[in-house]
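> fold the stuff below for me.
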Amino acid sequence: MNAFGRLIFFLIVGVLAGCANKPAHNEPVVQYTVTQHDQGAFPSQSMHGRVLFLQCPGGYEFPAYIQKDTAWLFLPEGTKRLVSGKSTGGDHYSNGEYSFLVGKDDAVLIVDGLAVKQCRNNEKKAVWEEAKLRGADFRAVGIKGEWSLELSLEGNTVFIGDQGNTRILFKTPDPIIDREKMTSTYNMNNGEHHLVVKIEGKSCHDPISGQLFDTSVTLHLDKQVLKGCGRAFKPF
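Numbers count the residues shown, from 1 in each chain. The predicted structure is shown next:
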């Protein structure tokens, strides 16, 4: 049964009763950095949850960070914290004003018990939101999708290759900036590996996802030269 089907079931049995009640004021504000990037930048170790990028009819879209008992929804109208309903198996969340039902690849958002939005997860965008939530300031991917890199300006840089089997951690140094050539270069060494990351301010097309990025990236990892595209989550 998809998320919308389960929603109808819960409405029938009364699980969503009372969802029109107004939430308390002064709801806590959550920044995108849920965990520090340099405390473990791998999804299984640092997030302890699930990140979705949900796209709904009418161009309404938002990231969501789902934990066992809590869901953070970064909605266009503001950040909302919802808690899990005990009788719904852990995939229904509510705060009184908003109710949220999560499926494998879809979700339903209800506002004030009336407005229903049925949304689909965009996995390609979700991985970028997950990196942002881990605290990365910049993320790059290989042209063929064979590697990725996450860089935190005040933390660590993580190179992930071989479809996730190779993970190498570096302390992020200060960059060498050439404003005329529009490049930022990071020269790193962790004692076992040497990595140079060159970020250029020219557009880059990723043939795998079809996305167009603002920056081109060249990595020199030991004796390898790797090309890719990247995107900053904040100005460099």
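> partner strands of the strand ranked longest in the chain and their direction?
The longest strand of the chain (DSSP state E) is strand 224-232. Applying DSSP bridges, strand 224-232 is found paired with strand 138-142 (antiparallel), strand 215-221 (antiparallel).
> quick one: closest of those to residue 193.
With C-beta to C-beta as the measure, strand 215-221 is the member of those nearest residue 193 (6.7 Å). Every residue, glycine included, has its C-beta placed from N, CA and C.
> where in this structure is pLDDT low?
For the chain, residues meeting the criterion pLDDT under 70 lie at 1-48, 86-90, 235-236.
> hmm, back to that, for the longest strand of the chain, buried residues please.
Using 16 or more other C-beta atoms under 10 Å as the test for burial, strand 224-232 gives 226, 228-232.
> before we move on, what about stretch 134-143?
For stretch 134-143, the buried set under the neighbour-count rule, 16+ other C-beta under 10 Å, comprises 134-143.
> for the residue nearest to residue 98 when sequence neighbours are not counted, which three-state class applies?
Once flanking residues are discounted, residue 98 sits nearest to residue 80: 5.4 Å by C-beta to C-beta, 6 or more residues apart in numbering. Put simply, residue 80 is strand when judged by DSSP: H, G, I helix; E, B strand; the rest coil.
> which ones are touching residue 80?
27, 72-73, 95, 97-98 (C-beta atoms under 8 Å, 6 or more residues apart in numbering).
> and those, which of them are buried?
72-73, 95, 97-98.
> distance to residue 205 and secondary structure for the residues you listed - can I get that in TSV?
Listed next are these as TSV, based on distance: C-beta to C-beta, whole Å; DSSP: H, G, I helix; E, B strand; the rest coil:
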residue	distance to residue 205	secondary structure
72	32	strand
73	32	strand
95	41	coil
97	41	coil
98	37	strand
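> closest to residue 169 among the residues you listed?
Proximity of the buried ones among the contacts of residue 80 to residue 169 (C-beta to C-beta) peaks at residue 72, which lies at 26.5 Å.
> so what pairs up with that closest one in the strands?
Beta-bridge partners of residue 72, as defined by DSSP bridges: residue 65, residue 81.
> residue 62 - nearest residue in space that isn't next to it in sequence?
Here the residue nearest residue 62, using C-beta to C-beta, 6+ apart, is residue 75, at 4.9 Å.
> re earlier: now tabulate the contacts of residue 80 in JSON lines and tack on distance to residue 158.
Converted to JSON lines, the contacts of residue 80 look like this (distance: C-beta to C-beta, whole Å):
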{"residue": "27", "distance to residue 158": "32"}
{"residue": "72", "distance to residue 158": "23"}
{"residue": "73", "distance to residue 158": "27"}
{"residue": "95", "distance to residue 158": "34"}
{"residue": "97", "distance to residue 158": "37"}
{"residue": "98", "distance to residue 158": "34"}
